[in-house]
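A.B. asks: mind looking at a prediction? Sequence and model below.
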Amino acid sequence: MGISPCLSHALTIFARRGGVLLLSVAICLPVLTSHAEAQEPRERRNLLEMLFGGPNLRNDRLYAPQRREQRMRRPPPQSPSRENRAVVRPSAPRKTPSVVQMRTTPPAPVEKLENARRVLVIGDFLAGGMGEALVSTFETSPAIAVDVRSNGSSGLVRTDYYDWFSTLPQFLKETSPATIVIMMGSNDRQQMVIGDTKEKYGTESWLREYEKRIDALIAIAKRSQVPVLWVGLPAFQSPSLTADFVAFNRLYRSHIEKAGGEFVDVWDGFVDEGGKFVTTGYDVNGQQARLREADGIGMTQAGKQKLAFYVEKFVRRHLDGASPDLTTLDGSNLPALTSLPALGIDAQQVRTQPISLTDPDLDGGDVLLGDKPAPRLSVTESPREKLTKRGLMDDAPLGRVDDYRMPALGETAAK
């Protein structure tokens, strides 16, 4: 059966179009690559590589496709529900400090000896505080005992309130002290009754009478024939008080030293470098502490202890170091030294007197080995002795370069 011309023409047109379509697909096939390879840059080849061929070198790591990492988003924290919510209680604070401070317990008081040497402290409120501190200072010393007889508002002016001139002899009889410590004057800036007249503070009559009372109190204390100490007054917060007590300390020092006693100066312990009153200063341990009360007059416990520190040195010196840790080394404390008879082989040995190593007769000679006669003394000084002792040098020989003497006239004429 034959094919009609129209059908043959249609098949021919369809074949041509199909071939064109297949050719187009074949040409575009290399282009249909992955999106990553289509975006990949390639190196350009030069003319020689295109004519003779050559490898198209690439840095695969440099031109490798970049991978995008997706960031993982964390879900927001969900607040726990009321049912699942746990109650967290804060931890209790530590009761013990991080640094443990080792504190040693103070030594316990010891029992005083029957023949303990006693220290009598008399005066006003400053003397009372100082006496308390002295008691604690010597509480470990069995050979020293402290007796405090003080009256806070007393002094040398108001004898109608408290009369030290009548009470001190009684205290001396009761205690039989080995040392007497006096500290008073803080209450004496006031009117004084002299006979039938009332004398105002600071006048000449007032000062003369005050000096007489100082001498009278020292004379009563000296009846016991023991060392007497007068402790000076410290600085006070009031400038007027401080100025007056400076003058008081001059009187105390001059009169106690004239009577053969000693003055204990405590002024520098309660002022600064400029001589001004300080509330806080160094205590007996070298640490900063509050020394005075808020009124600028009274003493704190550290201040009382500092007053006692000044007095303690004088007391120990006068009591010859009476302390529990000191013993006197005399003939009564030494053991009995006896010579025992020789026993055994030692009994047959002949005892001879020891011979000195520097004895010339040790080897039968009269001089020691290496002995040299004493050098002869020369009256004439050597050049070295002249230079070292008197700073003089002999003249250089004539004609030497260091001979600076002027030639004589005859020598110059001859030349």
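C.D. replies: Arrived safely, thanks for sending.

A.B. asks: mind checking pLDDT for the closest residue to Arg117 other than its chain neighbours?
C.D. replies: Distances taken as Cβ to Cβ, 6 or more residues apart in numbering put Ala178 closest to Arg117, at 4.0 Å, once the chain neighbours are dropped. Bear in mind the C-beta positions are built from the backbone N, C-alpha and C, glycine included. At Ala178, the model reports a pLDDT of 96.

A.B. asks: contacting residues around Ala178?
C.D. replies: By Cβ atoms under 8 Å, 6 or more residues apart in numbering, Ala178 lies in contact with Arg117, Arg118, Val119, Val226, Pro227, His318, Leu319.

A.B. asks: from Val110, how far off is it?
C.D. replies: Using Cβ to Cβ, to the nearest Å, Ala178 is found at 18 Å from Val110.

A.B. asks: just Ile297 next, same as before
C.D. replies: 34 Å.

A.B. asks: cool, Gly298 as well?
C.D. replies: Distance of Gly298 to Val110, computed by Cβ to Cβ: 30 Å.

A.B. asks: which one (most neighbours) among the contacts of Ala178?
C.D. replies: When neighbours are counted by other Cβ atoms under 10 Å, Val119 leads those with 28 neighbours.

A.B. asks: list phi and psi for that residue.
C.D. replies: phi -120, psi 120 (degrees, to the nearest 10).

A.B. asks: per-residue pLDDT, it?
C.D. replies: Here, the pLDDT recorded for Val119 equals 96.

A.B. asks: that older thread, among the contacts of Ala178, which ones are in helices?
C.D. replies: If you go by DSSP state H, these have His318 in helices.

A.B. asks: for this structure, where's the lowest mean pLDDT among helices and strands?
C.D. replies: The weakest-scoring helix or strand in the chain, judged by mean pLDDT, DSSP states H and E, is helix 35-38 (a mean of 45).

A.B. asks: Pro354 in helix, strand or coil?
C.D. replies: coil (DSSP: H, G, I helix; E, B strand; the rest coil).

A.B. asks: just give the number of residues close to Lys198.
C.D. replies: Lys198 has 9 nearby residues by other Cβ under 10 Å.

A.B. asks: quick check: bridge partners of it?
C.D. replies: When assigned by DSSP bridges, Lys198 has beta-bridge partners Val193.

A.B. asks: thought it was touching Met192?
C.D. replies: Yes - in terms of Cβ atoms under 8 Å, Lys198 counts as a neighbour of Met192; the distance is 7.5 Å.

A.B. asks: isn't Ala216 up against Phe165?
C.D. replies: Yes - assessed by Cβ under 8 Å, Ala216 is found in contact with Phe165 at 6.2 Å.

A.B. asks: and the contacts of Ala178 as TSV, adding distance to Val278?
C.D. replies: Below are the contacts of Ala178 laid out as TSV (distance: Cβ to Cβ, whole Å):
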residue	distance to Val278
Arg117	35
Arg118	34
Val119	29
Val226	35
Pro227	31
His318	30
Leu319	32
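
A.B. asks: and the end-to-end length of stretch 221-228?
C.D. replies: 7 Å (Cα to Cα, to the nearest Å).

A.B. asks: what does it contact?
C.D. replies: 168-169, 172, 176-180, 182, 218, 256, 259-262, 314, 318.

A.B. asks: restricted to strands, list those.
C.D. replies: Mapping the contacts of stretch 221-228 onto strands (DSSP state E) picks out Thr179, Ile180, Ile182, Glu262.

A.B. asks: which of these has the largest number of neighbours?
C.D. replies: Ile180 (26 neighbours).

A.B. asks: list the contacts for that one?
C.D. replies: When contacts are counted by Cβ under 8 Å, 6+ apart, Ile180 touches Val119, Leu120, Ile122, Leu172, Ala221, Ser224, Val226, Pro227, Val228, Leu229.

A.B. asks: try it again with 6 Å
C.D. replies: Leu120, Ala221, Val228 (Cβ atoms under 6 Å, 6 or more residues apart in numbering).

A.B. asks: and what of Gln305?
C.D. replies: Ala133, Val284.

A.B. asks: one more time with 10 Å
C.D. replies: Counting by Cβ atoms under 10 Å, 6 or more residues apart in numbering, Gln305 makes contact with 129-130, 132-134, 136-137, 283-285, 289, 291, 299, 312.

A.B. asks: who wins on neighbours among those residues?
C.D. replies: Neighbour max across those (other Cβ under 10 Å) = Met130, 29 neighbours.

A.B. asks: now it: closest residue in space, sequence neighbours ignored.
C.D. replies: Nearest one to Met130, counting by Cβ to Cβ, 6+ apart, is Leu307 at 4.1 Å.

A.B. asks: check the secondary structure at the one you found for me.
C.D. replies: Under three-state DSSP, Leu307 comes out as helix.

A.B. asks: ok, it to Met393 distance?
C.D. replies: 68 Å.

A.B. asks: secondary structure element for the residue lying closest to Phe263 once chain neighbours are set aside?
C.D. replies: Among residues not flanking Phe263 along the chain, Arg253 sits closest, at 4.2 Å (Cβ to Cβ, 6+ apart). Following DSSP states H and E, one finds Arg253 within helix 239-258.

A.B. asks: what's the angle from that helix to strand 179-183?
C.D. replies: Helix 239-258 runs at 150 degrees relative to strand 179-183, counting by axes from the mean of the first three to the mean of the last three Cα atoms, to 10 degrees.

A.B. asks: now helix 239-258: buried residues?
C.D. replies: Neighbour counts over helix 239-258 (16 or more other Cβ atoms under 10 Å) mark Leu241, Thr242, Asp244, Phe245, Phe248, Asn249, Tyr252, Arg253, His255, Ile256 as buried.

A.B. asks: who are the contact partners of the nearest residue to the fourth one once chain neighbours are set aside?
C.D. replies: Spelled out, it's Phe245. Leaving aside its chain neighbours, Phe245 sits nearest to Leu233 (4.4 Å; criterion: Cβ to Cβ, 6+ apart). By Cβ under 10 Å, 6+ apart, the residues touching Leu233 are 124, 126, 183-186, 188, 241-242, 244-246, 248-249, 252, 266-267, 270.

A.B. asks: how much space separates Leu233 from Gln288?
C.D. replies: 23 Å.

A.B. asks: likewise for Phe138?
C.D. replies: In terms of Cβ to Cβ, Phe138 sits 26 Å off from Gln288.
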